[in-house]
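**Q** kindly generate the corresponding structure for this input.
(chains A and B)
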Amino acid sequence: MRDRDVRAAIAAALSATGAFDAEGVWLWSPENLGQGTSVGRAVQIEPGNSNVANPWDAQPWGGIVIQSQVKVTLVYRDEDAQKRDEGAENLLQVAQNALNGQNLAGLTLPALTCFVNWSWLNPQPPERQITSIFQYSYIVEGWNAFDTTEEEGEH
Amino acid sequence: MAIGATGAQINWEGVEYGSNPIKRVTSGGFSLGGQLIRFKGDTDRYTSIIANVNNEPSATFTTADVGSLMTIATSGSATLAATLKDALAATGGDVVFSLVNAVYETADTTAQHAQFGTVTATWQGYAADGMTNPLSISRA
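**A** Below is the predicted model:
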C-alpha cells in the first residue's frame, strides 16, 4: 500500500457519493483538467507534498510515519453564477463528509485524515473551481518496506 | 575493513521483556541504581568513608504500543533485554543491556489529542543471591 492506493481510494469514495458526474472523477495530471467540458461536476485528485517522521525504534526495521497531502480540485460548471458557486461549495462539503476521518485503502490513520484547507479560484464561466488540500498520515513498517508493486494504470 | 565502535548511540532495537517484544519504542533507559552512604565522625570535617551498600538497578521504556505494555502482568519476573544501536551501525558498537530478574513495576499512559499515545513502563531488578548484579552491559 502506498499513496497511489490512497488516491485511488479517494477517487472511489468520491465516486460512491454520486455527487460527481460518472466521468468526472479524475486521477490525471493537471493538463487534463480542461477537458471533459461536458462534465458539470468533477473532481481532480493530484499528488502533493509528503513529510516523514521517525518517531520510534531503530532503523531499518523501525516504522516511519508519512504525512502526505493530496490536492483535490473541485469543479462545478453552470451558466448561473450563484448556482455555480453554491454547487462548487456543496461538492467540497460532500468530499469532506466522504473522506474526513476515514481509513483509506486500509492505510490512513483516521484521526489524522482530513481536509486542512481550501481556496476558491477565480471563476472562469461557466466554471468555478475550489482547490483543497486533503491530508493524511500512515505508517510504513520499516525503512525499506515501501511498496514497489507495478503501477495499476488508469482507473 | 573492520569499523570500530563509533562511541555514540542512536535508537533502541530488540527491546523485549521475557517473551513480550516491545515495539515502537520512543524512549528508554537503564539505571544502575547505586546509592552511597557516608561516614564522618570524631574530628572529621569531611566524609572519611564512602561505601556503596545499596544498588537497585531499574529500567524504563516509553512506547506507542499502549495496549501491549498496559496488559503485561505485574506479578513474576523475566529478563528485560534491549540494544542501544551504534550511531553508525558499526560492528561492536551496539550496547546490549540485560536486566535479569526484572519485575514489572508499573505503566502510565499519556495520550494527547491528535497525537500518538504513549505508555511509560518501569522495571526493577533483583539479585537472587543478593550479590550478583542483575543488570549486565555488553558490546555487540
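**Q** the bottom helix or strand of chain A by mean pLDDT?
**A** strand A:25-26 (a mean of 90; mean pLDDT, DSSP states H and E).
**Q** could you pull up the residues touching the closest residue to chain B within chain A?
**A** Nearest to chain B, among the residues of chain A, is A:Ala58, at 3.5 Å (C-beta to the nearest C-beta). Glycine gets a C-beta too; all of them are placed from N, C-alpha and C. The contact partners of A:Ala58, taken as C-beta atoms under 8 Å, 6 or more residues apart in numbering or on different chains, are B:10-13, B:85.
**Q** buried ones in the longest strand seen in chain B?
**A** Longest strand of chain B, by residue count under DSSP state E: strand B:95-110. Neighbour-count burial for strand B:95-110 flags B:95, B:97-104, B:107 (criterion: 16 or more other C-beta atoms under 10 Å in any protein chain shown).
**Q** any idea which of the residues you listed is closest to chain A?
**A** Among the buried residues of strand B:95-110, and counting by C-beta to the nearest C-beta, the member closest to chain A is B:Val95, at 12.1 Å.
**Q** shouldn't the closest one be in contact with B:Thr83?
**A** Yes. B:Val95 lies in contact with B:Thr83 (C-beta atoms under 8 Å); the separation is 7.1 Å.
**Q** re the thing from before, just the CA coordinates for the longest strand of chain B, please, in CSV.
**A** Output of strand B:95-110 as CSV, limited to C-alpha atoms (Å, rounded to 0.1, in the frame of the first residue of the first chain):
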residue,chain,number,x,y,z
VAL,B,95,25.4,-1.5,23.7
VAL,B,96,23.4,-4.5,24.9
PHE,B,97,21.6,-4.3,28.2
SER,B,98,20.1,-7.2,30.0
LEU,B,99,18.2,-6.9,33.3
VAL,B,100,17.5,-10.4,34.6
ASN,B,101,15.0,-10.9,37.4
ALA,B,102,13.3,-7.8,36.2
VAL,B,103,10.0,-7.2,38.0
TYR,B,104,7.4,-5.2,36.1
GLU,B,105,6.6,-2.3,38.3
THR,B,106,4.0,-0.1,36.7
ALA,B,107,2.9,1.6,33.4
ASP,B,108,1.5,5.0,32.8
THR,B,109,-0.3,6.0,29.7
THR,B,110,-0.4,9.5,28.2
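**Q** next one: that strand to chain centre, how far?
**A** 6 Å (C-alpha atoms, centre = their mean, to the nearest Å).
**Q** what's the answer for stretch A:57-64, then?
**A** With C-alpha atoms, centre = their mean, you get 28 Å for stretch A:57-64.
**Q** tell me the average confidence for it?
**A** Mean pLDDT, stretch A:57-64: 84.
**Q** list the buried ones in it?
**A** For stretch A:57-64, using 16+ other C-beta under 10 Å, the buried residues are A:57-58, A:62-64.
**Q** in CSV: these, plus secondary structure.
**A** Supplementary listing: the buried residues of stretch A:57-64 in CSV, determined by DSSP: H, G, I helix; E, B strand; the rest coil:
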residue, secondary structure
A:Asp57, coil
A:Ala58, coil
A:Gly62, coil
A:Gly63, coil
A:Ile64, strand
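**Q** who does the least confident helix or strand of chain A pair up with?
**A** strand A:41-53 (parallel) (DSSP bridges).
**Q** after the partner strand, which helix or strand is next?
**A** Counting by DSSP states H and E, the element after strand A:41-53 in chain order, helix or strand, is strand A:64-77.
**Q** list the buried ones in that following strand?
**A** A:64-66, A:68-70, A:72-77.
**Q** can you put those residues in CSV and add distance to chain B?
**A** Output for those, formatted as CSV (distance: C-beta to the nearest C-beta, whole Å):
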residue, distance to chain B
A:Ile64, 11
A:Val65, 8
A:Ile66, 14
A:Ser68, 16
A:Gln69, 16
A:Val70, 19
A:Val72, 21
A:Thr73, 26
A:Leu74, 25
A:Val75, 31
A:Tyr76, 31
A:Arg77, 36
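**Q** which pair in these spans the largest distance?
**A** Maximum pairwise distance in the buried residues of strand A:64-77, criterion C-beta to C-beta, is 41.5 Å, between A:Ile64 and A:Arg77.
**Q** just flag the most distant two among the contacts of A:Ala58.
**A** Maximum pairwise distance among the contacts of A:Ala58 (C-beta to C-beta): 10.3 Å, between B:Ile10 and B:Glu13.
**Q** quick revisit: near chain A, which of the buried residues of strand B:95-110 show up?
**A** With C-beta under 8 Å from any C-beta of the partner chain as the criterion, these include none near chain A.
**Q** can I get these in CSV with distance to B:Gly18 and pLDDT?
**A** Putting these into CSV (distance: C-beta to C-beta, whole Å; pLDDT from 0 to 100) gives the following:
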residue, distance to B:Gly18, pLDDT
B:Val95, 21, 97
B:Phe97, 15, 98
B:Ser98, 12, 98
B:Leu99, 11, 98
B:Val100, 11, 98
B:Asn101, 11, 97
B:Ala102, 9, 98
B:Val103, 11, 97
B:Tyr104, 9, 96
B:Ala107, 15, 96
